[in-house]
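Student: Take this sequence and fold it.
(one chain, ligands or ions: 1)
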Amino acid sequence: MNKILFVDHTAVMGGAEISLLDLATAYSQTSKVMLFDDGPLQQRLETSGVEVATVKASETLLNLRTSGGLNSLSMIPELWNMAGAIAREAKDYDLVLANSQKAFITAALSALRGSPAICWHLRDILTAKHFSKVNRTVAIFMANRFASRVLVNSHATGKAFVAAGGKEELVRVVYNGFESERFDAVTMEDCQEARDRLGMGNAPLVGLFSRLSYWKGQHILLEAIRKLPQVHAILVGEALFGEQDYVSELKTLAELPELAGRVHWLGFRDDIPTLMKACDIVVHTSTEPEPFGRVIVEGQLAQRPVIASAAGGALELIEDGVNGYLFPPEDIISLRQLIDKLISDRTLAKSVAQQGYEDAKTNFAMETILKSFAQALVLD
Ligand code: UDP
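Tutor: Alright, predicted model coming up:
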């Protein structure tokens, strides 16, 4: 088993960090995680028996936006110091695996300061929407020059890396893995209790499980159910990286007379399997291509019909009409029609959900994914 120094710049629990937690837990006997900040991930790792080293970066570095331009270059002196810290932490490990773009740039620089092999677990689609040109150019240059491997969380992520100039031979696809047992363990009583707490009786319930952010498209769901007066929605997640203006807009939308009382704000939750199973439908509404889309697989494992926005990794997870449904990104009317159809035709909803469950269990079992992860890190 490889001795891995995992590195992440953030300790906030986004999808990338949840996946890191799974991988680092599986490698806890031989590996360690270095974080640039403290936060919930640190405690979660330690509780799972993973050794953690936190080397705090400045607020300026932590808050630097990947969409920012040349001002990123002003961070070079600090990045150089952090690279030194990675090289020191990495001396007893076989390889450094960076879990985020900031972590990767820093890890790549640490190669100049004596680090072992550097690999990048790329979990973002490198497009102009989220990453400035400077940012993409630097990341691709560093990957081509210093990375021994680029693990990508979907073919879509891999294609975008290559389209931006990344070397194809570096790329290995490693999907996220899931423990279906967490979903199977949820009882009918747990679901009923979760619904009772919402105080919405037996009304149809649609769930969206994502941080509150414009590109995650919570507004698309609210617009879709605006004209489905019997349907309630739960929004599970909070604004992890700012975006308070978007949250205010969403709240204003939810207070419109047509929606009032039907939108339930649950904040960030740890009981995702129960909440998904309490829903009739799980939706994914990203306005931009999703690199992977953990919530899609989780919805399938919860045995609920999933409707996802047809772009990026979602196209690798859902076969339309077979194990879930796809709708064109931002197409409110199509989403509304699909919700309506699945609520009216429970037999159809059940059969699609069942196929989704079987496919997710086969394709994304943690054990299988851990094998592909290990294989991807065999460096020639
Ligand atoms: N999630 C969670 N609590 C919440 C909302 C979301 O634990 O309140 C989890 C969700 O179950 C999923 C992850 O956060 O595992 C989000 O991953 P995804 O790939 O969907 O999106 P990302 O955050 O990586 O953009």
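Student: which bits of the chain sit near the ligand?
Tutor: Counting by C-beta under 6 Å from any ligand atom, the chain comes close to the ligand at 14-16, 18, 209-211, 236-237, 268-269, 272, 292-295, 298. Every residue, glycine included, has its C-beta placed from N, CA and C.
Student: Which of those fall in helices?
Tutor: 15, 16, 18, 272, 294, 295, 298 (DSSP state H).
Student: Among those, give me the pair with the biggest separation.
Tutor: Maximum pairwise distance among those (C-beta to C-beta): 15.9 Å, between 16 and 272.
Student: ok, the closest residue to the ligand within the chain - contacts?
Tutor: Ranked by C-beta to the nearest ligand atom, the top residue of the chain for proximity to the ligand is residue 15, at 2.1 Å. Residues near residue 15 by C-beta atoms under 8 Å, 6 or more residues apart in numbering: 123, 176, 292, 294, 295.
Student: so how far is residue 42 from it?
Tutor: Residue 15 is 17 Å from residue 42, where distance means C-beta to C-beta, to the nearest Å.
Student: circling back: pull out the buried residues from the ones in helices among the residues of the chain next to the ligand.
Tutor: Listed as buried from these are 15, 16, 272, 294, 295, 298; burial here means 16 or more other C-beta atoms under 10 Å.
Student: which one of the residues you listed sits closest to residue 166?
Tutor: For these, the nearest to residue 166 is residue 16 (18.2 Å; C-beta to C-beta).
Student: Surely that closest one and residue 123 touch.
Tutor: Yes. Under the criterion of C-beta atoms under 8 Å, residue 16 makes contact with residue 123 at 4.5 Å.
Student: what residues do the two have in common as contacts?
Tutor: Counting by C-beta under 8 Å, 6+ apart, the residues touching both residue 16 and residue 123 are 99, 100.
Student: Helices of the stretch 1-150 of the chain, start to end?
Tutor: For the stretch 1-150 of the chain, the helices defined by DSSP state H, counting those that start in this stretch cover 15-26, 40-47, 59-63, 76-89, 101-110, 133-146.
Student: what's in contact with the helix or strand encompassing residue 334?
Tutor: Per DSSP states H and E, residue 334 falls inside helix 332-344. Helix 332-344 is contacted from outside by 204, 206, 220-221, 223-225, 227-228, 230-231, 280-281, 283, 285, 305, 307, 325, 327-328, 348-349, 352, using C-beta under 8 Å, 6+ apart.
Student: So which of those residues belong to strands?
Tutor: Among these, the members found in strands (DSSP state E) are 206, 281, 283, 307, 325, 327.
Student: Can I get the buried ones among those as something I can paste into PyMOL?
Tutor: Listed next is the PyMOL selection for buried residues among the ones in strands among the contacts of helix 332-344, using 16+ other C-beta under 10 Å:
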select buried, resi 206+281+283+307+325+327
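Student: Redo the ones in strands among the contacts of helix 332-344 as a markdown table? Include pLDDT.
Tutor: What follows is the ones in strands among the contacts of helix 332-344, written out as a markdown table (pLDDT from 0 to 100):
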| residue | pLDDT |
| --- | --- |
| 206 | 98 |
| 281 | 98 |
| 283 | 98 |
| 307 | 98 |
| 325 | 98 |
| 327 | 98 |
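Student: residue ranges with poor pLDDT in the stretch 51-200 of the chain?
Tutor: Within the stretch 51-200 of the chain, the set of residues satisfying pLDDT under 70 comprises 66-72.
Student: now the stretch 251-380 of the chain
Tutor: Using pLDDT under 70, nothing in the stretch 251-380 of the chain is flagged.
Student: Identify the bridge partners of the nearest residue in space to residue 310 that is not next to it in sequence.
Tutor: Nearest-residue entry for residue 310: residue 326, 3.8 Å, with adjacent residues in sequence omitted and distances by C-beta to C-beta, 6 or more residues apart in numbering. Beta-bridge pairing for residue 326 (DSSP bridges): residue 308.
Student: wait, residue 326 sits on residue 312?
Tutor: No. Judged on C-beta under 8 Å, residue 326 makes no contact with residue 312 at a distance of 11.4 Å.
Student: How about stretch 51-61, which residues are buried there?
Tutor: 52, 55, 57, 61.
Student: ok, which pair from these is furthest apart?
Tutor: Among these, 52 and 61 lie farthest apart (C-beta to C-beta), at 18.9 Å.
Student: In the protein, where's the longest helix?
Tutor: Looking across the chain with DSSP H, the single longest helix is helix 346-363.
Student: Could you list every helix and strand in contact with that helix?
Tutor: If contacts are counted by 3 or more C-beta pairs under 8 Å, 6 or more residues apart in numbering; DSSP states H and E, helix 346-363 sits against helix 294-301, helix 332-344.
Student: could you say what helices and strands the shortest one packs with?
Tutor: The contact analysis (3+ C-beta pairs under 8 Å, 6+ apart) places helix 294-301 against helix 15-26, strand 205-209, helix 272-278, strand 281-284, strand 306-309, helix 314-317, helix 346-363.
Student: Could you tell me how many residues sit around residue 330?
Tutor: Other residues near residue 330 come to 17 when the count uses other C-beta atoms under 10 Å.
Student: Noted, bye for now.
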